[in-house]
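Peer 1: fold the following for me, if possible:
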Amino acid sequence: MSTFERFLSLWVALCIVVGIALGHWLPGPAQALGGMELARVNLPVAVLVWLMIIPMLLRIDFGALGHVREHWRGLVATVGINWLVKPFSMALLGWLFIETLFRPLLPADQIESYIAGLILLAAAPCTAMVFVWSNLCRGEPHFTLTQVALNDTIMVFAFAPIVGLLLGLSSIVVPWDTLLLSVLLYIVVPVAVAQLWRRAVLRHGGEAALAGVLRRLGPLSITALLATLVLLFAFQGGRILEQPLVIALLAVPITIQVYFNAGLAYVLNRKLGVAHCVAGPSALIGASNFFELAVAAAISLFGLDSGAALATVVGVLVEVPVMLSVVRIVNSSKRWYEGA
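Peer 2: Have a look, this model is predicted:
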């Protein structure tokens, strides 16, 4: 990592503080930016996501995607964690902490809603941010892209049944427009732009020109990540300051499930003999959440001021700093992973 990347946790913490302060002291501009939505997908955030992941997608040569079959064990491990473990482990953690241990400290009428929000958060694997985490741990980019595309396909069919099962509902209203638009904005458009750009650069300047473009764009991804954090926390600054104890208690099961699922995926990949450059993104994809979809689904099902919506917002609060710590663990444990 570069010096800037090594202190990324500090910059993230500062951006969270700045975002919350802006949301609290300048609510008007924050609400105006937060209201720029299409199908409950925030468009300024979508643009920043493009700036985050397009430089990373420029590195991907689609002609090499055929080699991803060599990493089929990593794909199987991540799919298993995402769809057979994570939603159910979160439901268990929600019952243990929110329903049981923390019940006396939380509003009684919101207990079930909080648990519902946690389940919504865990039932949708991360889409866009995974490219950032994979890049930071020097993950195999073709594997990351393939895994994200596979998860998005599964999510279209599995999200509603899994959430419905865990919430005890016979049917669930899924914001399909949000789901499909999110996949379009966060995957299809950036991939298309990156590949057209890559081909144009290679055609006119070859590999040397592409290396120069990637070098110049390097800082852009991290800068866009930090700007995204400022925006997200500006949108929710007031709610975070109004309920600090609730925020802290909801963060406990979310944090535990991230480390649990990341660790499980990482160890499983090692047992299966998967290369570290695949095991890293596999662990990160297995642990992170598609919080944009979770927030939209929570608002659609339970309302903007519900406990479910707040729980998914806490997922945003926890996601970046905790995932950065997972990146650090993956990078620092490479020697152990590759040992006999």
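
Peer 1: okay, now A32: neighbour count?
Peer 2: Residues lying near A32 (other C-beta atoms under 10 Å) number 10. C-beta coordinates here come from the backbone N, C-alpha and C atoms, glycine included.

Peer 1: wait, F7
Peer 2: Using other C-beta under 10 Å: F7 sits among 11 other residues.

Peer 1: again, but for L245
Peer 2: 10.

Peer 1: any idea what sits nearest it, other than its immediate chain neighbours?
Peer 2: What sits nearest to L245 in space, not counting adjacent residues and going by C-beta to C-beta, 6 or more residues apart in numbering, is L105, at 6.7 Å.

Peer 1: could you count how many residues lie near the one you found?
Peer 2: Residues near L105, counting by other C-beta under 10 Å: 11.

Peer 1: wait, L245 sits on P104?
Peer 2: No: using C-beta atoms under 8 Å, L245 is not in contact with P104, being 11.7 Å away.

Peer 1: picking that back up, was I right about the residue nearest to L245 contacting L250?
Peer 2: No: counting by C-beta under 8 Å, L105 does not reach L250; the two are 10.9 Å apart.

Peer 1: following the lowest-mean-pLDDT helix or strand in the chain, which helix or strand comes up?
Peer 2: Least confident helix or strand of the chain, by mean pLDDT, DSSP states H and E, is helix 3-6 with a mean of 64. Moving toward the C-terminus from helix 3-6, the next helix or strand (DSSP states H and E) is helix 8-25.

Peer 1: any buried residues in that following helix, and which?
Peer 2: L8, W11, V12, C15, I16, V18, G19, I20, L22, G23, H24 (16 or more other C-beta atoms under 10 Å).

Peer 1: ditto for stretch 289-309
Peer 2: Result for stretch 289-309 [16+ other C-beta under 10 Å]: buried residues 289-302, 306-309.

Peer 1: now stretch 49-60
Peer 2: V49, W50, L51, M52, I53, I54, P55, M56, L57, L58, I60.

Peer 1: run through who's touching it.
Peer 2: Residues outside stretch 49-60 that contact it (C-beta atoms under 8 Å, 6 or more residues apart in numbering) are 128-129, 131-132, 134-135, 141-142, 145, 185-186, 189-191, 193-195, 197-198, 210, 213-214, 217-218, 220-221, 223-225, 228.

Peer 1: just the ones of those in strands?
Peer 2: When the contacts of stretch 49-60 are checked against strands using DSSP state E, none is located there.

Peer 1: now, of those, which are buried?
Peer 2: 128-129, 131-132, 134-135, 141-142, 145, 185-186, 190-191, 194, 197-198, 210, 213, 218, 221, 224-225, 228.

Peer 1: which strand or helix spans V313?
Peer 2: Per DSSP H and E: helix 307-332 holds V313.

Peer 1: L92 too?
Peer 2: helix 86-93.

Peer 1: next: L121.
Peer 2: Assigned by DSSP H and E, L121 falls in helix 111-122.

Peer 1: relative orientation of that helix and helix 307-332 in degrees?
Peer 2: Angle of helix 111-122 versus helix 307-332, following axes from the mean of the first three to the mean of the last three C-alpha atoms, to 10 degrees, is 40 degrees.

Peer 1: determine the longest helix present in this structure.
Peer 2: helix 189-242 (DSSP state H).

Peer 1: run the chain-centre distance for that helix.
Peer 2: 16 Å (C-alpha atoms, centre = their mean, to the nearest Å).

Peer 1: then stretch 142-152?
Peer 2: The answer for stretch 142-152 is 13 Å, by C-alpha atoms, centre = their mean.

Peer 1: using CSV, list the CA coordinates for it.
Peer 2: Taking C-alpha atoms only, stretch 142-152 is exported to CSV below (Å, rounded to 0.1, in the frame of the first residue of the first chain):
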residue,chain,number,x,y,z
HIS,A,142,-11.2,-11.1,-13.0
PHE,A,143,-12.3,-13.3,-10.1
THR,A,144,-13.8,-10.2,-8.4
LEU,A,145,-15.7,-9.2,-11.4
THR,A,146,-17.0,-12.7,-12.1
GLN,A,147,-18.1,-13.2,-8.5
VAL,A,148,-19.9,-9.8,-8.4
ALA,A,149,-21.7,-10.6,-11.6
LEU,A,150,-22.7,-14.1,-10.3
ASN,A,151,-23.9,-12.6,-7.0
ASP,A,152,-26.0,-10.0,-8.8
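
Peer 1: in stretch 324-335, what counts as buried?
Peer 2: L324, V326, V327, R328, I329, V330, S333.

Peer 1: I would like the residues contacting that stretch, please.
Peer 2: Counting by C-beta under 8 Å, 6+ apart, 1, 8-9, 12, 133, 136-138, 258-259, 262, 266, 276, 279-280, 283-284, 287 sit against stretch 324-335.

Peer 1: and the helix or strand containing L301, how far from the chain's centre?
Peer 2: Element membership of L301 [criterion: DSSP H and E] is helix 291-302. In terms of C-alpha atoms, centre = their mean, the centre of helix 291-302 is set 14 Å apart from its chain centre.

Peer 1: what average pLDDT does it get?
Peer 2: For helix 291-302, mean pLDDT rounds to 73.
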